[in-house]
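*Asks:* quick check, what structure comes out for this input:
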Amino acid sequence: MRKYLMRVIGGAAVFVCLIALTFHLSPLTSGVAWAAVDSYINYQGRLTETDGKAVSGSLTMTFRLYDAATSGTKVWSEDQTVAITEADSGIFNVVLGSVSALSSVDFNVPLWLSMQISG
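*Replies:* Below is the predicted model:
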């Protein structure tokens, strides 16, 4: 029990020191320009036929973000070509934003994702 309490107390002490250091240095960093962070969304799924058989092959996937569930306005889209082998059992992984930047998308409002597959 003591080891656990010592770890918590030690962690709290480090946390307090970091907060104090952050507030102490804040006047020194007020003129610093910060770079924008790129936005990406990791998306994965499993594609199957209606009978449950896994899909394989080279597929074009079109992803779109809308501002409403129905009759919404498209706020972003991108196409990605994905190769799914039989060994993948229909499982795919894409990184949304790697083709068309998501920087203009406002993630502070509800959004709906659609996915269209061809190929």
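
*Asks:* do you know the pLDDT at residue 64?
*Replies:* At residue 64, the model reports a pLDDT of 97.

*Asks:* just list whatever residues bridge to it.
*Replies:* Legend: beta-bridge partners of residue 64 under DSSP bridges are residue 77, residue 114.

*Asks:* list the contacts of it.
*Replies:* By C-beta atoms under 8 Å, 6 or more residues apart in numbering, the residues touching residue 64 are 74, 76-77, 113-116. Where you see a C-beta, it was placed from the backbone N, CA and C, and this is true even at glycine.

*Asks:* and the closest residue in space to residue 55 that isn't next to it in sequence, what are its phi and psi?
*Replies:* In space, and not counting its chain neighbours, residue 55 is closest to residue 47: 4.0 Å by C-beta to C-beta, 6 or more residues apart in numbering. The phi and psi torsions at residue 47 (degrees, to the nearest 10) take the values phi -100, psi 130.

*Asks:* picking that back up, make a markdown table out of the contacts of residue 64 and add distance to residue 97 and neighbour count.
*Replies:* What follows is the contacts of residue 64, written out as a markdown table (distance: C-beta to C-beta, whole Å; neighbours: other C-beta atoms under 10 Å):
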| residue | distance to residue 97 | neighbour count |
| --- | --- | --- |
| 74 | 15 | 10 |
| 76 | 9 | 18 |
| 77 | 11 | 14 |
| 113 | 12 | 12 |
| 114 | 16 | 13 |
| 115 | 15 | 13 |
| 116 | 17 | 11 |
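
*Asks:* which one of the residues you listed is nearest to residue 54?
*Replies:* residue 115 (16.8 Å; C-beta to C-beta).
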